[in-house]
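*Asks:* got a sequence here, can you build the structure:
(one chain, ligands or ions: 1)
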Amino acid sequence: MRLDKLLAHLNYGSRKEVKKYIRSGLVLVDGDVIVDDNYKIDESKAVITFLGKKIEYKELLYFIMNKPKGYICATVDKEPTVIDLIVGYQNRGLFPVGRLDKDTTGLLLITNDGLLAHELLAPKNHVDKIYEMSFSGVFKEEYFKKFIDGIVLDDGYKCLSAKFELLSANKGRITIKEGKYHQVKRMMHALGLEVIDLKRVLFGPLELPVDLKEGFYRELTEAELKLLKR
Ligand code: URA
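*Replies:* Numbers count the residues shown, from 1 in each chain. All right, here's what the predicted structure looks like:
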């Protein structure tokens, strides 16, 4: 990749600005000052420093976010998107892995790794998702079995077996292995119950970190990424 393109890609400045930095001798590649703004590098190997600081370049990015309410799971929209919350990674092809509703909070994976996202979302892979919720209506004992047997949604689709745990009269936790449109709300609705608040607390091997506040995100650790790829 061209050095100026890489630096611009990493938001060190516009293409014009980074060319200026390069020509001014602010950028070193493998210890040598590079003043040629057309210089090409192998970004997987080159050690690049800018103003004496080593630049970390990763082609593939993985973030875990605690999605706040009011944001859409899309890359561009007329309303604010979850990608708008990620600072400093413009034009890196980030997208949310799957969708949470605008009013749902909790664990959301954001990446530019299309292959991994595809695997995580493939229905055949049955990746566990756990949601905690508050709901209105009266939860009856017989509903537990209905979740296990498979709730039939309004369009006739029979959900895969799910596990429902009642945490208190109007709070529950559900484990599902698929991700149909508005699935949890529709499953509850099928029983005459209405979801008031919904939060995802687990996605595959990833749990929502307790110290990750709504609206915040961080990169996945190596260990988390390894678990996810497994
Ligand atoms: N199920 C829903 O109904 N909404 C979500 O955001 C996620 C799962």
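*Asks:* how much space between the closest residue to residue 213 other than its chain neighbours and the ligand?
*Replies:* Spatial nearest neighbour of residue 213, chain neighbours left out: residue 66 (6.2 Å); criterion: C-beta to C-beta, 6 or more residues apart in numbering. C-beta here means a position set from N, CA and C on the backbone, and glycine is covered the same way. Counting by C-beta to the nearest ligand atom, to the nearest Å, the gap from residue 66 to the ligand is 14 Å.
*Asks:* before we move on, what about residue 102?
*Replies:* 8 Å.
*Asks:* so what's that residue closest to, chain neighbours aside?
*Replies:* Per C-beta to C-beta, 6+ apart, closest to residue 102 is residue 72, 5.6 Å.
*Asks:* so the one you found touches residue 79, yeah?
*Replies:* Yes. Residue 72 is within contact range of residue 79, at 5.1 Å (criterion: C-beta atoms under 8 Å).
*Asks:* the two: which is more packed in?
*Replies:* Ranked by neighbour count (other C-beta atoms under 10 Å), residue 72 and residue 79 place residue 72 first, with 20 against 10.
*Asks:* in the sheet, who's paired with that one?
*Replies:* residue 81 (DSSP bridges).
*Asks:* how much space between it and the ligand?
*Replies:* In terms of C-beta to the nearest ligand atom, residue 72 sits 11 Å off from the ligand.
*Asks:* by mean pLDDT, point me to the weakest helix or strand of this structure.
*Replies:* helix 3-9 (a mean of 89; mean pLDDT, DSSP states H and E).
*Asks:* mind listing what's buried along it?
*Replies:* 3, 4, 6, 7, 8, 9 (16 or more other C-beta atoms under 10 Å).
*Asks:* cheers, nothing more for now.
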